[in-house]
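> need coordinates for the following:
(one chain, ligands or ions: 2)
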Amino acid sequence: MSSEQPLVLGIETSCDETGVGIVRGETLLVDAVASSVDDHARFGGVVPEVASRAHLEEMVPTIERACREAGVQLRDLDAISVTSGPGLAGSLMVGVASAKALALSLGIPLYGVNHLASHVAVDIVEHGPLPEPTMALLVSGGHSSLLLVPDVTCDIRSLGSTIDDAAGEAFDKVARVLGLPFPGGPHIDRMARDGQVTIDFPRGLTTGRDMERYRFDFSFSGLKTAVSRWVQAKEVAGEPVPVADVAASFQEAVVDVLTRKAVLACREQGAENLQIGGGVAANSRLRAMAQSRCDAAGIELRVPRPGLCTDNGAMVAALGAQMVLKGRDASRLDLPADSSMPVTQIQN
Ligand code: KG4
Ligand code: ZN
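Ligands and ions are numbered 1, 2, ... in the order given. Predicted coordinates for the structure are as follows:
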């Protein structure tokens, strides 16, 4: 390695974004993303086969673009990191195979890392080193978890997670009910700004015995059903559906539960920091409510800019660089694409 901080290129292909980021130590040099989201929109969800093919086509151009924009030559790199899982198997395989080819040809170490840990680690290139421990609320299209993170490179503990739908999945499903395009999260966020919180939708797992048994778990499928029923009842009655108010009320229910449980977890675990990551962390109401509740509780809130909350390569490069800085062993070059990699396993 050069005398400077390690120069690490990270590759992300777990879903529909081909992401290539380059980080030097804890500084982000470039974040190049090519998304196939428009190819999936007409199907109302990500089609795995379509996503894999798009990664295959976008991978080399995205690597070239990242290097060009960062003013970096491949031979300058000190390590490669790649999302090893969890995610869509075919999509992951494209990224993992590309990363292996790069590491092998350049003769540099490869780190196969967890996509979810990367959503947490990306905040290092945004706001500096993560306090240890940090409480992390990870909310994406596939996962919703509360994590105690003593060390993002080797120790992530799950305090709770969704027992049914992920938060992002709930946004996407409710958007569909409201006739909004896929992915629905950003559309609900936008619609909700023109609406009022007029409907009291259920807050799953927040009362009575649920708070004993499922203290830091989440449930969003009952909420999604409640929204569907409410909308259907309006339609049956021949009344117009107040889409903006439904969006605002649904969003408020999700955000209320997420922030309430996250602040409670910080208090009970003695964590002075809360980091929020994953695509749903781009939500403007979540960011605002988390800020006010953290301020009231004396907790420091860290949320990356929205572009670093949704899937990207910078987050994988950020975690890879931490692995190098902390002296973790590199992965073997036969590392798998691990579609169900658990959130507590940081590396393959
Ligand atoms: O982290 P991510 O890009 O991919 C996964 O790892 O799943 O998260 C995607 C999810 C989608 O469900 C999308 O609707 C949601 O994040 N999302 C949002 C917003 N932007 C993206 N949800 C609510 N509000 C947003 N502004
Ligand atoms: Zn993600």
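
> alpha carbons only for contacts and neighbour counts from here, please
Will do.

> would you mind listing what in the stretch 101-250 of the chain touches ligand 1?
140-142, 168-169, 171-172, 183-186, 189 (Cα under 6 Å from any ligand atom).

> where does this structure have low pLDDT?
Low-confidence segments of the chain (pLDDT under 70): 1-3.

> circling back to that earlier point, which of the residues of the stretch 101-250 of the chain next to ligand 1 fall within strands?
If you go by DSSP state E, those have nothing in strands.

> farthest-apart pair in the residues you listed, please.
142 and 189 (18.4 Å; Cα to Cα).

> these two - which one has more neighbours?
residue 189 (21 against 17; other Cα atoms under 10 Å).

> how about the contacts made by the more buried one?
247-248, 251, 283-285 (Cα atoms under 8 Å, 6 or more residues apart in numbering).

> ok, these vs ligand 1, which is closest?
When the contacts of residue 189 are compared for distance to ligand 1 (Cα to the nearest ligand atom), residue 283 wins out at 3.5 Å.

> the strands in this structure, which residues?
Going by DSSP E, the chain shows strands at 7-12, 17-24, 27-35, 79-85, 110-114, 134-139, 144-151, 155-161, 273-277, 300-302.

> in its sheet, what does the shortest one sit against?
This means strand 300-302. strand 273-277 (parallel) (DSSP bridges).

> got the angle between the partner strand and strand 144-151?
The directions of strand 273-277 and strand 144-151 differ by 130 degrees, with axes from the mean of the first three to the mean of the last three Cα atoms, to 10 degrees as the criterion.

> angle of strand 273-277 against strand 134-139?
Using the same axes, to 10 degrees: strand 273-277 against strand 134-139 is 30 degrees.

> residue 243 contacts residue 177, correct?
No: Residue 243 is beyond contact range of residue 177, at 9.9 Å (criterion: Cα atoms under 8 Å).

> between those two, tell me which one has more neighbours.
Legend: neighbour count by other Cα under 10 Å for residue 243 and residue 177, higher for residue 243 (20 against 16).

> and the nearest residue to that one once chain neighbours are set aside, how many residues sit next to it?
Nearest non-adjacent residue to residue 243, counting by Cα to Cα, 6 or more residues apart in numbering: residue 178, 6.5 Å away. Counted by other Cα under 10 Å, the residues lying close to residue 178 total 20.

> hang on, residue 178 packs against residue 242?
No: if you go by Cα under 8 Å, residue 178 and residue 242 don't touch, sitting 9.5 Å apart.
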